[in-house]
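Undergrad: this one's sequence-less:
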């Protein structure tokens, strides 16, 4: 498939019928893409909150089997960008066209369209196969689901439609069955023990950012970028130092809170999840730094990995 940049070949995978491919999950913000990917791979790689734009990067999750390798790709939700960070996020979404062997186009029950009409037109005119997943059917009834199926059949006739509930796990087996049937023949793109393409530091920063999303309101979570300064792994403990970058002094005060209580709460919650993630004791220090207008500063965004 054009656009693939990774490919490996091992003797144990020297099978004429071995399948592999990139399965890219796309859709509007907050429709359940990250929840679905975590269910499909059986691991918690993508952070999940009820807030839109929780996912900022494109994250790969890899499922290995003796007969196939599926490279799932979780992408940011489709939005109309208002500043350079969001523009970069949409570049990650559009990059999904470069290597997709199959799209999982995800909508939620009651949703009628994509936020970006040009992206939807590109999807309609693409030769890439599409599974259209109608999510959150647990919040509807039979009539509502039938109405949604009828609507999306008219909007995207070439897609195969599967009603699902990602949070309940309903329909996940059906999705996997369809994917494995549709995957192209080919060698694996990653080592067969790989789970993701992201380094450990990335998941540390994401877990900390998730706790900020969960513990703060309004614009605060969207003005934060977490950078891991120190990641020192020893036999029984990992020592971590992280900087929470914000855009204004007032935001710094809110993040820290009265006598540092708010920041301590973030650190405590992050430490618990990190200990589960790594299976080791975690010692974590959090610092807060002001970087004025970093969301619109291309140099800062490049430093944070949003622009190349």
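TA: Thanks, I have the structure now. Just so it is clear, the model here is predicted, and its values are computed rather than measured.

Undergrad: for the stretch 1-150 of the chain, which segments are assigned as strands?
TA: Ranges of strands in the stretch 1-150 of the chain, per DSSP state E, counting those that start in this stretch, are 19-27, 59-64, 68-74, 102-108, 130-135.

Undergrad: dump these into TSV; add mean pLDDT as well.
TA: What follows is the strands of the stretch 1-150 of the chain, written out as TSV (pLDDT from 0 to 100):
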stretch	mean pLDDT
strand 19-27	96
strand 59-64	93
strand 68-74	95
strand 102-108	96
strand 130-135	98
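
Undergrad: I'd like those strands as CSV, with mean neighbour count appended.
TA: (Each C-beta comes from the backbone N, C-alpha and C, glycine too.) Formatted as CSV, the strands of the stretch 1-150 of the chain follow (neighbours: other Cβ atoms under 10 Å):
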stretch, mean neighbour count
strand 19-27, 24
strand 59-64, 22
strand 68-74, 23
strand 102-108, 22
strand 130-135, 24
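
Undergrad: quick one, which of those gets closest to residue 297.
TA: Set against residue 297 and scored by Cβ to Cβ, the strands of the stretch 1-150 of the chain come closest in strand 59-64, at 23.7 Å.

Undergrad: next, the angle strand 19-27 makes with that closest one.
TA: Calculated by axes from the mean of the first three to the mean of the last three Cα atoms, to 10 degrees, strand 59-64 forms an angle of 150 degrees with strand 19-27.

Undergrad: show residues contacting strand 59-64.
TA: 37-38, 40-43, 45-46, 69-74, 188, 190, 192-198 (Cβ atoms under 8 Å, 6 or more residues apart in numbering).

Undergrad: out of those, list just those in helices.
TA: 37-38, 40-41 (DSSP state H).

Undergrad: closest to residue 306 out of those residues?
TA: The closest of those to residue 306 turns out to be residue 37 (Cβ to Cβ; 20.3 Å).

Undergrad: right, and the closest one touches residue 75 too?
TA: No: with contact defined as Cβ atoms under 8 Å, residue 37 does not count as touching residue 75 (9.6 Å).

Undergrad: between those two, which contacts overlap?
TA: Contacts common to residue 37 and residue 75, judged by Cβ under 8 Å, 6+ apart, are residue 25.

Undergrad: more neighbours, those two?
TA: residue 37 (26 against 23; other Cβ atoms under 10 Å).

Undergrad: where do the helices of the stretch 51-200 of the chain begin and end?
TA: For the stretch 51-200 of the chain, applying DSSP state H, counting those that start in this stretch gives helices covering 84-94, 96-99, 117-125, 142-155, 172-182, 200-215.

Undergrad: export these to JSON lines and tack on mean neighbour count, distance to residue 111 and mean pLDDT?
TA: Listed next are the helices of the stretch 51-200 of the chain as JSON lines, based on neighbours: other Cβ atoms under 10 Å; distance: least, Cβ to Cβ, whole Å; pLDDT from 0 to 100:
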{"stretch": "helix 84-94", "mean neighbour count": "19", "distance to residue 111": "17", "mean pLDDT": "91"}
{"stretch": "helix 96-99", "mean neighbour count": "17", "distance to residue 111": "19", "mean pLDDT": "90"}
{"stretch": "helix 117-125", "mean neighbour count": "13", "distance to residue 111": "12", "mean pLDDT": "91"}
{"stretch": "helix 142-155", "mean neighbour count": "14", "distance to residue 111": "8", "mean pLDDT": "96"}
{"stretch": "helix 172-182", "mean neighbour count": "15", "distance to residue 111": "18", "mean pLDDT": "96"}
{"stretch": "helix 200-215", "mean neighbour count": "20", "distance to residue 111": "22", "mean pLDDT": "94"}
